[in-house]
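Undergrad: model the structure of this input:
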Amino acid sequence: MSAPITRRDVLNSRVLGEGDSLRHARCPAAQCAPHEDFTGYGGVGDYAKANGNTHSVLTAAHKVRDGYYDAFPTGRLAPEEEYDLIVVGAGLAGLMSAWEYSRMSGGGRRVLILDNAAMFGGEARENEFEVEGTRLIAPQGSNQFGLARKGSGSPAEAFFDACNLPYEYRFQEWSADVTPLGIARDNYGNMDGQQEQQIDIAYHLDDGNGRGRLINNIWRDNLARAPFSDKARADLLDWRRTRVGTTEDELRALDRITYKDYLERVKGYDPAVTAMAEPLTGLLSGVSADASPARAGRFVSDPTRKLSLSYPGGNSTWARHLVRSLIPGSFPGPFTFENLMSARMDHAAIDKAGEPVRLRLRSTVIDVRHQGAAGQAEAVDVTYIREGAAHCVRARSVVMASGGWINKRVIHDLPNDIRDAYDQYAYAPALIINVALTNWRFLYQQGATAVRWFGEDDSIGFWANLRQSMVTDGYDPPLDPDKPTVLTFYMGLYTPGRSAFDQGALGRTRLLSTTYSDYERRIRTQMTRMFADVGFDAKRDIAGIILNRWGHARLIEPVGFHYGMDGKPSPLEAPRKGFGRIFIGHAELNGAQNGTGAFEHGRRAAAQAFGVTG
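TA: Prediction:
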């Protein structure tokens, strides 16, 4: 089914493992960044203890992976509660599963949602700052969406209407004495291959003396001021104009070669094109152009299309509206977009005895199994750990909306075809950094609202940008270079020249072994390098930094993964079928972790579960 979210909504320090050893690498707490300097500052509000994969979430997940709970009495505990449906995972996929199941059953079924984090939403969560009396909200990961069409009769419209989401929005207005600049409304539009020609972007380019120089809006004059050869310039412009993967046959063909081969061998482009395209590929595919299939070229879009939309906290808004619809007492006050932008979650209300839907956070599932053979079983038992104690709950059916890397370790009677499929899954990390600023006069002085750089030594990522935020009567931060705002960095961690699997493992190791203080130092150093000449002062201008580390942010699709190779089906197919009374509905089952996949497979798994219990 369609969902009102686009594909991405979704998004370097010590290397501990190399080569083939990465295939079996572990990152126990002793090797990861120290506990007291890993999670770092989390901001304020509902998400202050849930910025990305915190140390406690990471540790709990690694215990599952490393077999720590193998000796626990799973399968022998008496169930403490019984439900019609248990959903494992409270990201967008899990919340949509619970919402769709409740809708199909008329709200008369008992549903329990379990999640290991301190706040629901998965990667659809937000960060919140308070800077000089100004409240600022920014996404932790998943952002960008498409509007449902009123009167279409689509599932998207039904979701908008049932969850009281508006079809029209207001955005920040520039202060009266400020000349407006081109500014994005999400965190992707400023990236090469997106809508960068509509946004004022400062490009930090090598000047040969190690410092670099800033040049604005290099695409608007067809790269005339950029330091490229004539061939590279012509090839870059052709790359930027050309759409690929517009038909199913084209996508199948592109699935069988790497993006680098497509760009340099098929198209004959200068390697400068690969270098320009690779950061977007690395963020959205998780790996470099020499390991990603040429399908990655479909990420390149029309630069003239209307600016994309994002809620202030990204797609955390979807999650908050889903929870409020499922559990009316979860957020005090009216069920409105304006209220849910500001209301604080009532922790006692989300897991209240007697309510038809309950949401239980900080609960790590360690075992899921049918009571008897899957084909004949009438119930499924789920064992989870909460506050150090093991608990068992039972349901007529279960939706596994947790990621494949967890599912294959906790589903006790997982069939061989699904296990074999999951063994082909590899994941890459992503890092989203929100930097709260007391002002952004230094960027305005440059005539920019975003910056693009090209991988200087010790740099972090390739892009950072400000957004023109949605506003409501209760949330309306100023759009003024002398007032507070948030600068957001989105980045993948990839290693060209390595296999897709090794790139995921190497990136995850870098992500987990780098301390918060080291990231903080490098951000300050990088911003000083780029902006000191236009007035930036890190001590004066930076009010706070939040890291959102996502260890398994992207399902890696190696060549042939999406459609299968050598006559074998794609590994995406088997998990979609589920088995017995266990159904699998996590986001990556359409080939990438994003809001579209979350809604699609959350709905599908809910329908499968309802078909069994209904």
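Undergrad: after the longest strand anywhere in the chain, next one along is what?
TA: Counting residues, the longest strand found in the chain (DSSP state E) is strand 542-556. As assigned by DSSP states H and E, the chain's next helix or strand after strand 542-556 is helix 573-577.
Undergrad: distance from that next one to the middle of the chain?
TA: 22 Å (C-alpha atoms, centre = their mean, to the nearest Å).
Undergrad: can you name every helix or strand that that helix contacts?
TA: If you count contacts as 3 or more C-beta pairs under 8 Å, 6 or more residues apart in numbering; DSSP states H and E, helix 573-577 packs onto helix 416-422. In this view, the C-beta of every residue, glycine as well, is placed from N, C-alpha and C.
Undergrad: so for the helix or strand just after the helix it packs on, what's the average pLDDT?
TA: Scanning forward in sequence from helix 416-422 by DSSP H and E, the next helix or strand is strand 426-437. Taken as a whole, strand 426-437 has a mean pLDDT of 96.
Undergrad: who are the packing partners of strand 426-437?
TA: By 3+ C-beta pairs under 8 Å, 6+ apart, strand 426-437 packs against strand 126-131, strand 134-139, strand 485-492, helix 500-513, helix 516-531, strand 542-556.
Undergrad: tell me the secondary structure for residue 240?
TA: Under the three-state scheme (DSSP: H, G, I helix; E, B strand; the rest coil), residue 240 adopts helix.
Undergrad: what does the one 5 residues further on give?
TA: Under three-state DSSP, the three-state class of residue 245 is coil.
Undergrad: any idea how far residue 37 is from residue 313?
TA: Distance of residue 313 to residue 37, computed by C-beta to C-beta, to the nearest Å: 26 Å.
Undergrad: who has more neighbours, those two?
TA: Taking neighbours as other C-beta atoms under 10 Å, residue 313 and residue 37 compare with residue 313 leading, 27 against 15.
Undergrad: so what's that one closest to, chain neighbours aside?
TA: Computed as C-beta to C-beta, 6 or more residues apart in numbering, the closest residue to residue 313 that is not its neighbour in sequence is residue 126, at 2.7 Å.
Undergrad: residue contacts, that neighbour?
TA: Residue 126 makes contacts with 47, 137, 138, 139, 140, 312, 313, 314, 316, as judged by C-beta atoms under 8 Å, 6 or more residues apart in numbering.
Undergrad: can you check residue 610 too?
TA: Each residue near residue 610 by C-beta under 8 Å, 6+ apart is listed here: 101, 104, 105.
Undergrad: now the second one. Nearest residue, chain neighbours left out?
TA: Take residue 104 and drop its neighbours on the chain: the residue closest to it by C-beta to C-beta, 6+ apart is residue 610, 4.8 Å away.
Undergrad: how about the last one?
TA: With C-beta to C-beta, 6+ apart as the criterion, residue 105 has its nearest non-adjacent residue at 6.5 Å, and that residue is residue 610.
Undergrad: which stretch of helix or strand covers the one you found?
TA: Per DSSP H and E, residue 610 falls inside helix 595-613.
Undergrad: buried residues, that helix. List them.
TA: Within helix 595-613, the residues that count as buried by 16 or more other C-beta atoms under 10 Å are 595-610, 613.
Undergrad: residue 444: which element?
TA: Here residue 444 sits within helix 441-446, counting by DSSP H and E.
Undergrad: can you name the element that comes right after that helix?
TA: Downstream of helix 441-446 (by DSSP H and E), the next one is strand 450-452.
Undergrad: contacts for that following strand?
TA: So strand 450-452 is contacted by 183-184, 190-192, 196, 199-204, 214, 443, 462-466, 530-531 (C-beta under 8 Å, 6+ apart).
Undergrad: cutoff 10 Å now
TA: Strand 450-452 has contacts (C-beta atoms under 10 Å, 6 or more residues apart in numbering) with 181-184, 187, 189-192, 196, 199-205, 214, 218, 276, 279, 443, 461-467, 487-489, 526-527, 530-531.
Undergrad: still on that earlier bit, with just CA atoms, put the longest strand of the chain into PDB.
TA: The C-alpha trace of strand 542-556 is given here as PDB (Å, rounded to 0.1, in the frame of the first residue of the first chain):
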ATOM      1  CA  ILE A 542      27.600  26.800  19.700                       C
ATOM      2  CA  ALA A 543      25.100  26.300  22.400                       C
ATOM      3  CA  GLY A 544      24.900  22.500  22.400                       C
ATOM      4  CA  ILE A 545      25.600  19.400  20.300                       C
ATOM      5  CA  ILE A 546      23.500  16.200  20.200                       C
ATOM      6  CA  LEU A 547      24.800  13.000  18.500                       C
ATOM      7  CA  ASN A 548      22.200  10.500  17.100                       C
ATOM      8  CA  ARG A 549      24.100   7.300  16.300                       C
ATOM      9  CA  TRP A 550      22.200   4.600  14.300                       C
ATOM     10  CA  GLY A 551      24.300   1.400  14.100                       C
ATOM     11  CA  HIS A 552      21.900  -0.300  11.600                       C
ATOM     12  CA  ALA A 553      20.400   2.700   9.800                       C
ATOM     13  CA  ARG A 554      20.600   1.300   6.200                       C
ATOM     14  CA  LEU A 555      20.000  -2.200   4.800                       C
ATOM     15  CA  ILE A 556      22.900  -2.700   2.400                       C
END
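Undergrad: how about the strands in the stretch 1-150 of the chain?
TA: For the stretch 1-150 of the chain, the strands defined by DSSP state E, counting those that start in this stretch occupy 81-88, 111-114, 126-131, 134-139.
Undergrad: so what strands line up beside the longest one?
TA: So the one you mean is strand 81-88. strand 111-114 (parallel), strand 389-400 (parallel) (DSSP bridges).
Undergrad: that one vs helix 595-613, what angle?
TA: On the basis of axes from the mean of the first three to the mean of the last three C-alpha atoms, to 10 degrees, strand 81-88 is oriented at 150 degrees to helix 595-613.
Undergrad: where are the low-confidence patches of this protein?
TA: For the chain, residues meeting the criterion pLDDT under 70 lie at 1-36, 207-210, 456-457.
Undergrad: which residue comes closest to residue 341 once chain neighbours are left out?
TA: Closest residue in space to residue 341, ignoring its immediate chain neighbours: residue 475 at 4.9 Å, by C-beta to C-beta, 6+ apart.
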